[in-house]
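>>> mind folding the following:
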Amino acid sequence: MKLSKRIVATVIALPLMMGSMSAMAYGGGKHHDGKGMMGKHLLRGIDLTDEQKAEMKTLREQSRDAMKAGKGEMKAGMMADRQEMQALLLADNFDESQIRVLAEKMAEQQVERRVAMMKRQHEMLNILTPEQKVEVKANMDKMAERHQERMKKHH
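Numbering: from 1, shown residues only. Predicted structure coming up:
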């Protein structure tokens with residue numbers, strides 16, 4: 001592929017990739033109720049004690065409050081990154097090293113958000129008894145099967 005075609009392809013593809021990566025990193029707008037992976041579907045059929053329900057509620061509220069507190073800062077950072085990306089894309093010369101630095105920074109931010117999310121999920125799952133965890137694992141397996149079936153239908 002000629003250099004000019006590669007540049008055009010990159011200019012078109014990079015904003016699309018970065019936009020979708022930002023949406024995925026932010027959660028795609030799907031689970032902003034603080035439940036995340038601990039939604040009703042995973043706890044379906046599991047009898048929680050009143051104490052467990054109260055602990056889950058407390059963790060959800062803490063998670064929601066933490067997300068609200070960091071939301072403005074995160075949005076500002078994402079906007080700054082997006083503006084930097086646009087400036088690099090519109091520059092006269094393709095600066096791979098600068099783009100690489102920005103891409104790595106954005107990827108690291110996504111990793112940090114994912115780690116924080118998984119930490120919250122781990123805290124919630126540790127409220128459960130070993131028997132309840134077995135039930136959650138069965139629900140996760142069922143979800144994975146349904147997801148694989150949907151993926152087969154789309155391909």
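
>>> for the protein, give me the ranges with low pLDDT.
The model of the chain has pLDDT under 70 over residues 1-40.

>>> the longest helix seen in it packs against which elements?
Ranked by residue count and defined by DSSP state H, the top helix of the chain is helix 50-90. On a contact count with 3 or more Cβ pairs under 8 Å, 6 or more residues apart in numbering; DSSP states H and E, helix 50-90 meets helix 3-26, helix 96-125. (C-beta placed from N, C-alpha, C; glycine too.)

>>> what angle do the last one and helix 50-90 make?
It refers to helix 96-125. 170 degrees (axes from the mean of the first three to the mean of the last three Cα atoms, to 10 degrees).

>>> next one: the helix or strand following helix 96-125 to chain centre, how far?
Per DSSP states H and E, the first helix or strand lying C-terminal to helix 96-125 is helix 130-154. Centre-to-centre, helix 130-154 and its host chain are 19 Å apart (Cα atoms, centre = their mean, to the nearest Å).

>>> go on, stretch 128-148?
20 Å.

>>> now do the buried residues in it.
For stretch 128-148, burial by neighbour count (16 or more other Cβ atoms under 10 Å) applies to 128, 132, 135-136.

>>> then stretch 44-51?
Buried-residue list, stretch 44-51, by 16+ other Cβ under 10 Å: Ile46.
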